[in-house]
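this one's structure only:
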């Protein structure tokens, strides 16, 4: 594995371009502290490599982390990126002077970013991204509202591994001191009132929408109830209320099949007098008394009933 920086016995990191070739560089691996050899050939980009031992897995990231910490403490300044929210610029980028940069300090709620810088008694976390940044780190920083900066070095490391460009201390100094696309805010305390105001606006908007929907639902229901009432009123106007018939034995006279030889008739009792007058005439001698006429008939009354029905025109004479 290629390593961009070697560590001198004093703990200082140096570029490959500042040391002698081979073991004369006198450098150690920042990861495992094994001896390094400086390879400055004509084919590959210049780099450090482990000597007589297998390459460790942490050498590259350890070298970059230590070199970035060294750059921060050498410069005592960092250019903060602009702060924007929802595409709106909140604060311009600017240089921030600080007292000290520490590796993996314990900040708010036990959070340990890659670095922490102290300025005016406050802490600013700095997270280095080598490949993929675990989402839990970002969510934890936002959750505890810890001001923190992200420096994304993934494309720089990828180019170095692919031998497309060298990685030097000057490159890291440039990232720290100048406007650079690799730097962005994870969380900034200036966003707190803005985010809270947006949250309250969303709550108000949702409440207004719910009220509007409730009113719309109420109006629809009221319209349906009004239509139902109007329909009921129309039906009442077209169809008069039905009147139940009185009991049959009080209003009807039933002439049975037995009495008329297969004929069954029923008629209202109110027509009995009119029927008798029609059958016998107003001046008939000895007309049947209605009370007697309405008594149950017997078989012997059949001829009389048939004669009555013929007179009324209900049945015809047989010829």
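Looks like it came in fine. What you see is a predicted model, and the numbers here were worked out from it, not measured in a lab.

mean confidence score for whichever helix in the chain runs longest?
Of all the elements of type helix in the chain, the one with the most residues (DSSP state H) is helix 191-238. When the per-residue pLDDT values of helix 191-238 are averaged, the result is 87.

how far does that helix sit from its chain's centre?
The gap between the average C-alpha position of helix 191-238 and the chain average comes to 21 Å, counting by CA atoms, centre = their mean, to the nearest Å.

counting contacts, what elements does that helix pack onto?
strand 83-85 (3 or more CB pairs under 8 Å, 6 or more residues apart in numbering; DSSP states H and E). Glycine gets a C-beta too; all of them are placed from N, C-alpha and C.

let's see 6 Å
For helix 191-238, not one helix or strand is in contact under the criterion 3 or more CB pairs under 6 Å, 6 or more residues apart in numbering; DSSP states H and E.

I'd like the numbering to begin with 24 instead of 1 from here.
All set: I'll call the first residue 24, so the last point we hit is now helix 214-261.

where in the chain is pLDDT low?
Low-confidence regions of the chain, defined here as pLDDT under 70, cover residues 262-342.

the helices in it, which residues?
Counting by DSSP H, the chain has helices at residues 82-98, 158-166, 177-184, 192-200, 214-261, 271-274, 280-283, 295-303, 313-316, 325-335.

and these as a markdown table, adding distance to residue 76 and mean neighbour count?
Output for the helices of the chain, formatted as a markdown table (distance: least, CB to CB, whole Å; neighbours: other CB atoms under 10 Å):
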| stretch | distance to residue 76 | mean neighbour count |
| --- | --- | --- |
| helix 82-98 | 11 | 20 |
| helix 158-166 | 32 | 14 |
| helix 177-184 | 21 | 15 |
| helix 192-200 | 25 | 17 |
| helix 214-261 | 48 | 10 |
| helix 271-274 | 118 | 10 |
| helix 280-283 | 125 | 14 |
| helix 295-303 | 132 | 14 |
| helix 313-316 | 137 | 11 |
| helix 325-335 | 134 | 15 |
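
reformat the ones you listed as TSV; add distance to residue 151.
Conversion of those to TSV gives the following (distance: least, CB to CB, whole Å):
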stretch	distance to residue 151
helix 82-98	6
helix 158-166	11
helix 177-184	10
helix 192-200	10
helix 214-261	22
helix 271-274	103
helix 280-283	111
helix 295-303	115
helix 313-316	120
helix 325-335	118
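
out of these, the one nearest residue 111 is which?
Within the helices of the chain, the stretch nearest residue 111 is helix 214-261; the backing value is 8.9 Å (CB to CB).

the closest one vs helix 158-166, what angle?
Direction vectors for helix 214-261 and helix 158-166, defined by axes from the mean of the first three to the mean of the last three CA atoms, to 10 degrees, enclose an angle of 90 degrees.

closest one to residue 65 among the helices of the chain?
That would be helix 177-184 among the helices of the chain, by CB to CB, at 18.3 Å.

what's in contact with the closest one?
152, 153, 154, 188, 190 (CB atoms under 6 Å, 6 or more residues apart in numbering).

can you do 8 Å?
Outside of helix 177-184, the residues that reach it under the criterion CB atoms under 8 Å, 6 or more residues apart in numbering are 25, 27, 68, 83, 87, 152-155, 188-190, 194, 205.

format the residues you listed as JSON lines; extra columns: distance to residue 180.
Output for those, formatted as JSON lines (distance: CB to CB, whole Å):
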{"residue": "25", "distance to residue 180": "11"}
{"residue": "27", "distance to residue 180": "9"}
{"residue": "68", "distance to residue 180": "13"}
{"residue": "83", "distance to residue 180": "7"}
{"residue": "87", "distance to residue 180": "7"}
{"residue": "152", "distance to residue 180": "10"}
{"residue": "153", "distance to residue 180": "6"}
{"residue": "154", "distance to residue 180": "8"}
{"residue": "155", "distance to residue 180": "12"}
{"residue": "188", "distance to residue 180": "10"}
{"residue": "189", "distance to residue 180": "12"}
{"residue": "190", "distance to residue 180": "8"}
{"residue": "194", "distance to residue 180": "11"}
{"residue": "205", "distance to residue 180": "11"}
